[in-house]
Each structure stands twice: as structure tokens, then as C-alpha cells.
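> Make a model of this:
(chains A and B)
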There are 2 protein chains.
Amino acid sequence: MERPMRLGIAGLGTVGASLARLLADKRDVYGMRAGRPLEVAAVSARDRTRDRGVDLSGATWFDDPVALARDGEIDVFVELVGGADGAAFESVKAALNRGLPVVTANKALLAHHGLQLARLAHKRGAPIFFEAAAAGGIPIIKTMREALRGNTVERVYGILNGTCNYMLTRMEREGIAFDACLADAQRLGYAEADPTFDIGGFDAAHKLALLTSLAFGCEIDLDAIFIEGISTVTNADIEAAAELGYRIKLLAVAQRTDSGIEQRVHPTMIPAHSALAQVDGVTNAVAVDTDLLGSVLLVGPGAGGNATASAVLSDVIDAAQGIRMPAFGLEPSKLAPYRRARMRAHEGGYYIRLSVLDRVGAFASIARRMAENDISLESIVQRKPESGRAAETVPVILITHETTEAAVRRALDAVSRDGHLSGEPRMIRIEALD
Amino acid sequence: MERPMRLGIAGLGTVGASLARLLADKRDVYGMRAGRPLEVAAVSARDRTRDRGVDLSGATWFDDPVALARDGEIDVFVELVGGADGAAFESVKAALNRGLPVVTANKALLAHHGLQLARLAHKRGAPIFFEAAAAGGIPIIKTMREALRGNTVERVYGILNGTCNYMLTRMEREGIAFDACLADAQRLGYAEADPTFDIGGFDAAHKLALLTSLAFGCEIDLDAIFIEGISTVTNADIEAAAELGYRIKLLAVAQRTDSGIEQRVHPTMIPAHSALAQVDGVTNAVAVDTDLLGSVLLVGPGAGGNATASAVLSDVIDAAQGIRMPAFGLEPSKLAPYRRARMRAHEGGYYIRLSVLDRVGAFASIARRMAENDISLESIVQRKPESGRAAETVPVILITHETTEAAVRRALDAVSRDGHLSGEPRMIRIEALD
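Numbers count the residues shown, from 1 in each chain, chains lettered A, B, ... in the order given. This next block holds a predicted model:
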């Protein structure tokens, strides 16, 4: 058997500790699969004394991830520190500068600095593996970077945030309001104390930025993503969606359009019979539409120590087998500059919910505003007044045929100005799926 | 840019012609993704004159795949001849003997000779890639061989034959009988003139044999697979399944049990709400249950020239990038001898349909036979007499709690002997899914 591959693991939180335990417990199996033993040679973590359920006394301890990356006697650097900047960024650069393969689960780091790191990796002949950075245990990075290389991707989309999907699932199944659902998710550990990163759609956007680059061979551009979180989704929307044959999911979508690449994260109505609509709870799913395959769908756990460790292990064994390929599928110089499609040019169907004041002419006025903006309506549903609303308002739901975001925004602005509404109009985009 | 990788393509049928066309049409893209140009340097096919929609005048023609593999000036051998033996087997051996990477879509070849070829490949330092050999465009081989290497697999199962799934879907949706459905599938090109290989379950079994080896790190053993086709599935079964909250699919399953590895292909009742039950038509799906991930599901097109070519291209680019790994994930000497679980030891729930003669005591006798074999019943449904049956028989459907195949067979033999039935009892296994 070949000489061991020495791992340096920076960060011994949930994932790092899972990884270290697995490497100890399944030492023989992994050695056989990698073709050489895998050894934890060096680690870094803030607290040396915490019990992580694994004996790390054989590993050299570093207090600083950057020192580990720079000075550790290691063959591969595993970055599990987290954060877009600081120690994570500096340590990965230090490892790449030594020509060491890097394995990372850090979506924020790559979404912000991926191109720069890919350039450095290319210059130093070191690979960057990041299967764990998007959709946890689902092998979407390997699938897009390797398995779909024969294809031209038209669209990649999915449910990339388990917290949001868990909350939307419970809101739908149990009729719980958003705030109560969030409190529950926090109590159960499915949502952070500060949940903004998840429910605001930012976590999904980081992951989407990576998938977009792999899908279209373009540079990463996190800032180009249109982001809308789930905090405005109400139980009334979810019920209305169900009645109309839809379910609401936080979808992340990147697609090729005539005006460039469109990237967006927002609550989305998808057909209730679609495979993606069946994906409930903390489960993640990613679909890729291509020229050769039509559509491929991957479903699996999006987070958790073991699922993430599984992805990291796959990368570590790739590194052990000497696999070298560009981080984002193409040499960095071949990644095309990002051509950004503006969200106002987005085309699709829309769900619109209005609280209409019960007056003569209100509805005619709304219909006229839609027509003025060339929006044709697929269905119009007048619902019974919502509890808590003044009795003189009537909820009205419109489903549009395909139109543009700009037209919908113009129409809703006009409707608001006309003064027939109580409160702001609510709009949810509809995604066409097979 | 590096020197071109010269492909030798043996077989220019649907897949081979798709591949050659794609390599011509997307030459620049593939060259960029592979890091070097991909060139069709040599081909073999029976008919040189047929129009395949691509100019192959630059390639050296061989009449014989074996001659191409032995003498072609090529860097990788792509075997698309088909068949377990003969030219496919001989040409792959010839290519491996030269140390050439082999890419093949040939499930029969690998199901029968995979271990021998893996040994030869290992000896010669040449890789074998076979993404296209199972589930067409779904990257299940790469997922199992590479992405799930950190995991211990408990079960792999899926819908691996598009013809069967197409037929079962139409029988369910339109109430068409099996024979009419088959004739239609043949007319539309979804079933062969001799459909035995597909509807008898053999095609799915070949694919399962490969997945089993990857899942459990064991030798391939096609003969160990229990195979039952779909020709006995009736519309009455499908209707009864629907009423009980199930759908019927031809499932291929390999799982770790206390008595060894169980491999089986048979019509299976799965919960109607499961993700797998939503997979309709010619679409394929594979799920893998593991220790770290729980369950991962992949869904996509199982066949077709472009989908298969997509898988072949992924392998070709792996080969171009110099990727080397053992064909079945482990060095051939490390693949464990196959420990076969006997089908009679299979544990699960069963659906049983009986045509019971309408006599006093018949039902009590059946219930006694079940009890004698320790089979407890979850539900008993007496249905209205089927059209075409003598009026004096009553269809009775039993759903058992978990029991063994041996117990069910013993009980049904006894029930048959008791003489209360018109015709043979019918039994469909139920698969527990999340």
C-alpha cells in the first residue's frame, strides 16, 4: 500500500468532529477505497480540551488555521473554519500557495472569492474540491463538474436551504404562522438564533452562485443574484397555492436567457404534482435541465454533520487518488465573464394576492391596469375575507399567463396608486416545471 | 493546449452515431472541458455507407472492433458494440491489454465478465469507465463509485428499466391490459420486437449486478439475482394497489441482510406518496440508503441515444483528464466474494390476491393457513367479482405484515392444495420506503 495521505483539518465543529471520528472508525475501509491510508496529521481548533469523541492526540495541534495550512506536515488541507474572509480565506490561500489540494465546505468563501482562489489553484497546480459547499450530501458538484460535461445546461434549480423548506413544509401541513414556525425551528435546532442568513435566502444564494458557474462556465457573481426570502409568505398564500394546484418552495434558479444568465432566489409556486414539490422538510433537491438529458433530479440531505462529512470524504479520497481538475470545471481563464440578465426582464407566470376594498369599480380598475401592461390572466379567484382583516376588504387572487417582472411591477404600482387596496399587493413567481 | 486524445469508437448505432455527431458539433466546448481536443481517430461498424449525420472521413475505418482495439492509433477505446461476449468482450480485452482506457455502455458485458475485465484492467494499469451501462443519463456509477465513498451502503434500489416503467405507467393511467400495452410500446419503439430482455426483468438485473458490486464492494454475481418480470401484473393488481395506497413498479433492489447480500428484481408495491412512486414513463430512478446520508435519490432519463452519449462523454473526459480508479471502486483483489442471501429468507410485506370459490369455510381455511405460517395480516379486502370470471369466485386481497418469502410460499402452496381457489394465487412484494 502507498504511503499515507496526511490530512490537516482546520475547524473541529460539528462537521470537523464527524470527519475525524469517521476517519478513525472506518480507517481500514477508507484506506482501501482511497488506495492509501488516510491519516489526520494536524488539526486546528480554538478549544483543545473539548471532548469530540475521537482521540486526536496523534495529530499536531495548531491554534491558527493559517499556521496549520502554512506549516503543517500535511498532503491535503481541509478547511472547515467557515466565513467568507479571515482565517478561512487566508488559510486556503496559504495551502494553495504550497500546492496543497484543498477540500472545503465553505460556500461563503467560494461565493465571494472562488474565482480568485481558482486562479491561485491553477497557478500552483493544486485542486480545490467543494462537494460539501452546496446541498450537503447530494453530489451535485461532482455531477455538474464531471458527469454532465457532455451537456449544455439550460437551467439549474433547486431547494438548497433546509431551514426554509422545513418551515414551509410545517406551515403547509400544520397551518402554523411564520413566526410561530420560526420559533419552533429555532427551538429544534433547525434555525439559527439569527435566522436571517437562511430565511432571507442568502444561504441559498451562496450555493446558487457556485452552481451557476459550474452550469454555464462563467465567473462567479454573487451580487448578480436577485434574492427574496420567505418571511413574507403567509398561510393564506400557501392555502391558495394548494387550491390552485401548486406548492410554495424557496427555489434557487439559474437559467440561460436571451439577455444573459438569470440568477434568482425567491419563494416560488411550483406544480404540486412535480417531483420537486414532493421534497419536504430539511431535504434538499437540485434539478438540472440540459440539451442531452432533458432533466436530471438529485434529492438528499442538505445539511448535518454526517451528510457534510460524507461530501468532504468523497473529496478527500478524490485528492488521495491524485485527481486534478479545475475547481469550476474550466481553467479560470476560460470562465466567461458574467453576462447578467436583469430581474425586470424575467419571464414567467405570477401569483398576485390583493386585499381589495369592497367598492364599485375596484375590480374593473384592477383588470384595466393588468390589460394596460399586456398581462393576461389565467385565473381569478375571489376568496372569503381573511380573519383579522376589516370585513370590507376582499382577498382577490390573480394568476397571470407568462409575462415579465417589469410588467407585473408596473401594474401593481398602478393598482396600489389607484387606492383600491388595503395594504401592499403580494406577488409570488411561478416556475414552469415538467 | 495539450495533444488531442484520439478516440476509437467501436459501434456506430444510435449511441455511437450520437456520440460522433456531438464530438463534431461541440468540438470546441468539449476540448475546453477536457483540457485537450477530443478526436475521433478510428471507428468500426458493419456498414460504412450509412448516413450517420456526421463526416467520419477523417477516421480510420475498421470492419472488426477487435482489430480497431488492437491496431487503431487511439488513446481510448469506446465500446458500443453490445452483447456479453463475442466482439465486445474480445475488443475490450484487446484494448485493456494495450493499456488503453476503455469506456463502455455494455451492461451485459460487465454483468457477465466485469470481474475478469477489472482484473485485466488492474494488471495493465488501464481504467474502465461505464457510466452509460446503468440508468443511462443518471450519473449513478460516478455517484456510487466516487461521491458515496465515505458511506456504508445499506440498500440500493431503483427503477432501472424504462420499457417496464412506461408500460406500468400506461396500464395504471389508462387501464390498458398488459398485452395491448406491450403491442403499443412496440409500435412506438419503447419495446423491442422480442421484449423478453426488458419485460422479463433481465435488463434491470444486469444493471443491478453492477450497482451491487459498487454498493457493497463485492464481486459481481448476476446469477445470484432473483428475477421476476412484469408480464403477470394485471390491471386488477394495479387498481387494488392504488386503493391500498400503493403503486406497482418493477424495482431492482440490492440490500445488506443478516444472511448476506440480497439481490432481486420483481414487480413491487411501493407507497404511492414516495418519491420513487412519482417516477413515470421511461424515466429511471435510483435511490441509495447509507449510514451517513440516509437516502439519496437520482432521477433522470434511462435510455436514448443522447442520454447515453452524455454518460459516455463524461467517461471520455474523465479518461482525457487522466483519471484512474478501479472499475468497481476497489482493487479487484479487495472485492469481497459474494455472500448470497437466499430469496426464501427475504423479509417484507406481501400483497396476495386470491380468486376464492364462494363456499362455506373457504375463508376460514385460508386464514388458518396464514396463521399456521406465522403470517399476520394487515388488511383483508374482499372485492367484487372480476368480469370474465365465473360468478362463483370472489377476489380476495390480503396484505401481510412483515414475514418471510418462505412462509408466504408455504402458505400459498397449502391454500392451493386445499382446493378453495380458482387459478393460481398471485403475490406481489411490498418494499418499505421512507
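> other SSEs contacting whichever strand or helix holds A:Ala17?
With the criterion set as DSSP states H and E, the secondary-structure element containing A:Ala17 is helix A:14-25. Under the contact definition 3 or more CB pairs under 8 Å, 6 or more residues apart in numbering or on different chains; DSSP states H and E, helix A:14-25 sits against strand A:5-10, strand A:38-44, helix A:305-320. All C-beta spots, glycine's among them, are computed from the backbone N, C-alpha and C.
> That one: which residues count as buried?
Buried positions in helix A:14-25, judged by neighbour count with 16 or more other CB atoms under 10 Å in any protein chain shown: A:Thr14, A:Val15, A:Gly16, A:Ala17, A:Ser18, A:Leu19, A:Ala20, A:Arg21, A:Leu22, A:Leu23.
> Pick the one among those closest to chain B.
Of all these, the one sitting nearest chain B is A:Leu22; the distance, using CB to the nearest CB, is 6.6 Å.
> Can you give me the distance of that closest one to A:Leu38?
Using CB to CB, to the nearest Å, one obtains 10 Å as the distance from A:Leu22 to A:Leu38.
> Kindly report the same for A:Gly158.
Distance, A:Gly158 to A:Leu38, by CB to CB: 31 Å.
> about what we covered before: could you name every residue contacting both of A:Leu22 and A:Leu38?
Overlap between the contact sets of A:Leu22 and A:Leu38, as judged by CB atoms under 8 Å, 6 or more residues apart in numbering or on different chains, is given by A:Tyr30.
> residues in contact with the residue nearest to A:Tyr351 when sequence neighbours are not counted?
Here the nearest residue to A:Tyr351 in space, its sequence neighbours aside, is A:Ile428; by CB to CB, 6 or more residues apart in numbering or on different chains that works out to 4.4 Å. Contact analysis of A:Ile428 by CB under 8 Å, 6+ apart lists A:Val233, A:Asp237, A:Ala241, A:Ile248, A:His266, A:Pro267, A:Thr268, A:Met269, A:Tyr350, A:Tyr351, A:Arg353.
> dump the residue contacts of the last one.
By CB under 8 Å, 6+ apart, the contact set of A:Arg353 is A:Ala236, A:Asp237, A:Ala240, A:Pro395, A:Val396, A:Ile397, A:Leu398, A:Pro425, A:Arg426, A:Met427, A:Ile428.
> thinking again about what came up before, neighbour count winner among A:Gly158 and A:Leu38?
Using other CB atoms under 10 Å in any protein chain shown, the more surrounded residue of A:Gly158 and A:Leu38 is A:Gly158, with 30 against 24.
> gap between that one and A:Ala87?
A:Gly158 sits at a distance of 30 Å from A:Ala87 (criterion: CB to CB).
> elements contacting the strand or helix carrying A:Ala108?
Of the helices and strands defined by DSSP H and E, A:Ala108 is found in helix A:107-124. Using 3+ CB pairs under 8 Å, 6+ apart as the contact criterion, the elements in contact with helix A:107-124 are helix A:86-97, strand A:128-129, helix A:202-216.
> And for the residue of the stretch 201-350 of chain A found nearest chain B, the neighbour number?
Of all residues in the stretch 201-350 of chain A, A:Leu313 sits closest to chain B, at 2.9 Å by CB to the nearest CB. Other residues near A:Leu313 number 29, with proximity taken as other CB under 10 Å.
> Please identify the helix or strand for the residue lying closest to A:Ser295 once chain neighbours are set aside.
Taking CB to CB, 6+ apart as the measure, A:Ser295 lies nearest to A:Asp289, with 5.0 Å between them; neighbours along the chain are not counted. Counting by DSSP H and E, the element that carries A:Asp289 is strand A:283-290.
> same thing with A:Met325?
Counting by DSSP H and E, there is no helix or strand that carries A:Met325.
> so it sits right up against A:Ile141, yeah?
No: under the criterion of CB atoms under 8 Å, A:Met325 makes no contact with A:Ile141, lying 11.2 Å away.
> what number of residues lie near A:Ala411?
Counted with other CB under 10 Å, residues neighbouring A:Ala411 total 26.
> I misspoke; the intended subject was A:Arg27.
Under the criterion other CB under 10 Å, the count of neighbours that A:Arg27 has is 13.
> Same question for A:Ala371.
The criterion is other CB under 10 Å. On that basis, A:Ala371 has 12 neighbouring residues.
> Then A:Tyr351?
Burial measure for A:Tyr351: 23 neighbouring residues, criterion other CB under 10 Å.
> what is it paired to in the beta sheet?
For A:Tyr351, the beta-bridge assignment (DSSP bridges) gives partners A:Ile399, A:Ile428.
> List the residues that contact it.
Shown in contact with A:Tyr351 (CB under 8 Å, 6+ apart): A:237, A:240-241, A:244, A:246, A:269, A:397-399, A:427-430.
> Against A:Leu168, how distant is it?
As judged by CB to CB, A:Tyr351 and A:Leu168 stand 15 Å apart.
> For the helix or strand containing A:Gly31, list every residue counted as buried.
Using DSSP H and E, the element containing A:Gly31 is helix A:27-34. By neighbour count with 16+ other CB under 10 Å, helix A:27-34 contains the buried residues A:Val29, A:Tyr30, A:Gly31, A:Met32, A:Arg33, A:Ala34.
> Give me the subset of those residues that also touch chain B.
With CB under 8 Å from any CB of the partner chain as the criterion, the subset of the buried residues of helix A:27-34 in contact with chain B comprises A:Val29, A:Tyr30, A:Met32, A:Arg33, A:Ala34.
> Which residue ranges make up each domain of chain A?
Residue ranges of the domains in chain A are recorded as A:5-133, A:145-301, A:345-430, according to automatic domain parsing.
> End to end on the last one, go ahead and measure it.
Taking CA to CA, to the nearest Å as the measure, domain A:345-430 stretches 15 Å from start to finish.
> So what's the gap between it and the chain middle?
The offset between the C-alpha centroid of domain A:345-430 and the centroid of the whole chain comes to 30 Å, using CA atoms, centre = their mean, to the nearest Å.
> Kindly report the same for the second one.
Taking the mean C-alpha point of domain A:145-301 and that of its whole chain, the gap between them comes to 7 Å (CA atoms, centre = their mean).
> Need the distance between the two termini of that domain.
The first residue of domain A:145-301 is 20 Å away from its last residue (CA to CA).
> Scan the helices and strands of chain A for the one with the lowest mean pLDDT.
Averaged element by element with mean pLDDT, DSSP states H and E, chain A has its least confident helix or strand at strand A:377-382 (a mean of 90).
> Residues contacting it, please?
Contacts to strand A:377-382, defined as CB under 8 Å, 6+ apart, come from residues A:240, A:243-244, A:349, A:367, A:370, A:394-401.
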